[in-house]
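A.B. asks: what follows is a predicted protein model with its sequence.
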Amino acid sequence: MRCVIRGTEAVAEEATSLILEAPKTGRIYRRRGVTHQASAPGEPPASDTGRLVQSQRTEYDQSELTGTAIWSAGHAEYLEHGTSKMAPRPFARPALANKRDEIEKDIADEVRSALK
């Protein structure tokens, strides 16, 4: 179960990093006297209010050996998958893809260790 927790937390942290730190190339605009650069289609969303990152939580089911990273902000799903009027700004799927090899190795190592 430790590897499930580590993997889930790694995906959540990677998604936060993609949102807060990945370069953005969308339009630049001012709102309330603050300059903001939006994300372009296909890029992780640019953080504006911080609500998306703040809405992140992780849950675990020990009986199923699963972990889930959840973003409860109302706009999270629209950003991840897009809408009929907005191209996707994925962050969760790329975070999982970026961490997949690390998670698979960690699980394999933990299983090998348990079998010794």
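C.D. replies: Structure's in. What do you need? On a predicted model such as this, the values are computed, not experimentally measured, just so you know.
A.B. asks: C-alpha only now, for contacts and for neighbours.
C.D. replies: Noted.
A.B. asks: what about Arg51, how many residues close to it?
C.D. replies: Counted with other Cα atoms under 10 Å, residues neighbouring Arg51 total 15.
A.B. asks: for the one 5 residues further on, same thing?
C.D. replies: Gln56 has 17 neighbours, counted by other Cα under 10 Å.
A.B. asks: so it bridges to which residues?
C.D. replies: Trp71 (DSSP bridges).
A.B. asks: return the residues in contact with it.
C.D. replies: Ala12, Ala69, Ile70, Trp71, Ser72 (Cα atoms under 8 Å, 6 or more residues apart in numbering).
A.B. asks: can you give me the strands for this protein?
C.D. replies: For the chain, the strands defined by DSSP state E occupy 28-31, 34-37, 56-61, 66-71.
A.B. asks: hey, which of the ones you listed is tucked in deepest?
C.D. replies: strand 66-71 (a mean of 18; mean count of other Cα atoms under 10 Å).
A.B. asks: now the spatially most central residue of the chain, nearest residue through space, not along the chain?
C.D. replies: Centrality entry for the chain: nearest residue to the mean C-alpha point is Ala15, 2.7 Å, by Cα atoms, centre = their mean. Closest residue to Ala15 apart from its sequence neighbours, by Cα to Cα, 6 or more residues apart in numbering: Ala95 at 5.0 Å.
A.B. asks: from memory that neighbour sits against Ala12, does it?
C.D. replies: Yes: contact criterion Cα atoms under 8 Å: Ala95 and Ala12 qualify, at 7.5 Å.
A.B. asks: those two: who's more crowded?
C.D. replies: Neighbour totals were compared for Ala95 and Ala12, and Ala12 leads with 24 against 20 (other Cα under 10 Å).
A.B. asks: nearest spatial neighbour of the more buried one, chain-adjacent residues omitted?
C.D. replies: Ala69 (5.9 Å).
A.B. asks: could you tell me which residues make contact with that neighbour?
C.D. replies: By Cα under 8 Å, 6+ apart, Ala69 lies in contact with Thr8, Glu9, Val11, Ala12, Gln56, Arg57, Thr58, Glu59.
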